[in-house]
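[1] Sequence below, structure please.
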Amino acid sequence: MSFTAEVKDELSRVEGTCPDCNIAQLSALVRICGTLSYRGPGHYSIRIATETGAVARTIIKLAHKALDLDTTLTVRRSVLHKTRNYLIEIPDQPKLPVSLVRLGILDTSLRLMTGVSEKIIAKPCCRAAYLRGAFMAGGFVADPRGDFHLEVAVTGESFAQQLLAIADSEGVSAKLNHRRGAYAMYIKNFGAIVLLLRAMGAKRSAAAVANVRRMKSVKNDVNRRVNAEIANQARSTGAAADQLALIDKAEKRIGLEKLPPAVREFCELRRAYPELSLRDLGRQHDPALSKSALYHRLLRLQELLKQIEESDVQEDADLTTE
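    Next up is the predicted model:
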């Protein structure tokens, strides 16, 4: 089962806070994935297709519970994709016109409404129920182990903008994307996804996303530390190679036995442990030496070689003058 299907299954088990929540949720479900047919004055029917069993179950439950409407269910199997498709039909019946007005699909004059009825989303709990229905009808959320991405696909820019405003009323910041004649309210921010899932009632799924985020954070922290350690080791290896080259040069130009005791001790220690950083190298000395102490001995070695080179330059200059 995909993560989207898991979320929709959890949402299908969420009960509305008040009776009007059922109307709000069913309104979003019908508007987004339903098709309204008109067969003359006062005669309507609705067909709703979905590939998610939890969504089909919710539509039938709400149609019976909130509006006492008759429904039929047809289950079809796609041979090509090997998936089930559920077709819910709400046939022409005396209660349907009034029910469509209550759902905000038709206005009181039985004309088609293009926006979301303010009456349906007047209460905070009903706004959350509307978002719940919208996600169940046209929503997708990526597996949080990959990318953080949630979207709800709808038809019509005006309706999409209203859905955006409803999400904003719940403190959820979302954006709108237009593609191929449809619109999608989408969220890529981890915090906003968790907030929306909680607002809709998918608390278990919200916790799952939060747990994955924590695991990703720990993994990223470990990777950063490992990369930093590798970089430090590379720098230490390069620095140690430079120091060994400096010691070889000092041995040829000066002779290690002629170096000051502390500097000669550093040279011997470095040759004995060519792979260690200065900090770890100091721990091999008895008593242990600090990184700073070894660094000053290295600087002293560099200074001695510099003096030798400057002396050589001066001698060459004197010979030229003569």
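[2] quick one, helices of the stretch 151-300 of the chain?
    Taking DSSP state H, counting those that start in this stretch, the helices of the stretch 151-300 of the chain run over residues 157-169, 190-200, 203-253, 261-272, 278-283, 291-321.
[3] Only alpha carbons, please: show the first one as PDB.
    In this case it means helix 157-169. The C-alpha trace of helix 157-169 is given here as PDB (Å, rounded to 0.1, in the frame of the first residue of the first chain):
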ATOM      1  CA  GLU A 157      -8.500  28.300 -10.700                       C
ATOM      2  CA  SER A 158     -11.200  29.900  -8.500                       C
ATOM      3  CA  PHE A 159     -11.900  26.700  -6.700                       C
ATOM      4  CA  ALA A 160      -8.200  26.100  -6.300                       C
ATOM      5  CA  GLN A 161      -7.700  29.500  -4.800                       C
ATOM      6  CA  GLN A 162     -10.500  28.900  -2.300                       C
ATOM      7  CA  LEU A 163      -9.000  25.600  -1.300                       C
ATOM      8  CA  LEU A 164      -5.700  27.500  -0.700                       C
ATOM      9  CA  ALA A 165      -7.500  30.000   1.500                       C
ATOM     10  CA  ILE A 166      -9.100  27.200   3.500                       C
ATOM     11  CA  ALA A 167      -5.700  25.600   4.100                       C
ATOM     12  CA  ASP A 168      -4.300  29.000   5.100                       C
ATOM     13  CA  SER A 169      -7.100  29.400   7.700                       C
END
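[4] Okay, buried residues for that helix please.
    The neighbour-count check on helix 157-169 (16 or more other CB atoms under 10 Å) flags 159-160, 162-164, 166-167 as buried. Glycine gets a C-beta too; all of them are placed from N, C-alpha and C.
[5] Over to the fifth one?
    Taking 16+ other CB under 10 Å as the basis for neighbour counts, the residues of helix 278-283 that come out buried are 278, 281-282.
[6] next one: the second one
    Along helix 190-200, these residues count as buried under the neighbour rule (16+ other CB under 10 Å): 192-200.
[7] Just send the buried residues of helix 157-169 back as CSV, with distance to residue 267 and pLDDT too.
    Listed next are the buried residues of helix 157-169 as CSV, based on distance: CB to CB, whole Å; pLDDT from 0 to 100:
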residue, distance to residue 267, pLDDT
159, 79, 90
160, 74, 91
162, 77, 93
163, 74, 93
164, 70, 93
166, 74, 94
167, 69, 94
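[8] Redo the residues you listed as JSON lines? Include distance to residue 86.
    Formatted as JSON lines, the buried residues of helix 157-169 follow (distance: CB to CB, whole Å):
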{"residue": "159", "distance to residue 86": "23"}
{"residue": "160", "distance to residue 86": "25"}
{"residue": "162", "distance to residue 86": "27"}
{"residue": "163", "distance to residue 86": "24"}
{"residue": "164", "distance to residue 86": "28"}
{"residue": "166", "distance to residue 86": "26"}
{"residue": "167", "distance to residue 86": "27"}
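[9] What ranges in the stretch 101-250 of the chain fall below the confidence cut-off?
    Residue ranges of the stretch 101-250 of the chain with pLDDT under 70: 229-230, 232-234, 236.
[10] One more pass at 80, please.
    180-181, 213-223, 225-238 (pLDDT under 80).
[11] Need the worst-confidence member of the buried residues of helix 278-283.
    Among these, residue 278 has the lowest pLDDT, at 83.
[12] Check whether that one really touches residue 294, as I assumed.
    Yes - Residue 278 is within contact range of residue 294, at 4.9 Å (criterion: CB atoms under 8 Å).
[13] Give me the contact list for stretch 174-184.
    151-157, 159-161, 164, 167-168, 185-187, 192, 196 (CB atoms under 8 Å, 6 or more residues apart in numbering).
[14] Local confidence estimate at residue 319?
    Note for residue 319: predicted pLDDT of 53.
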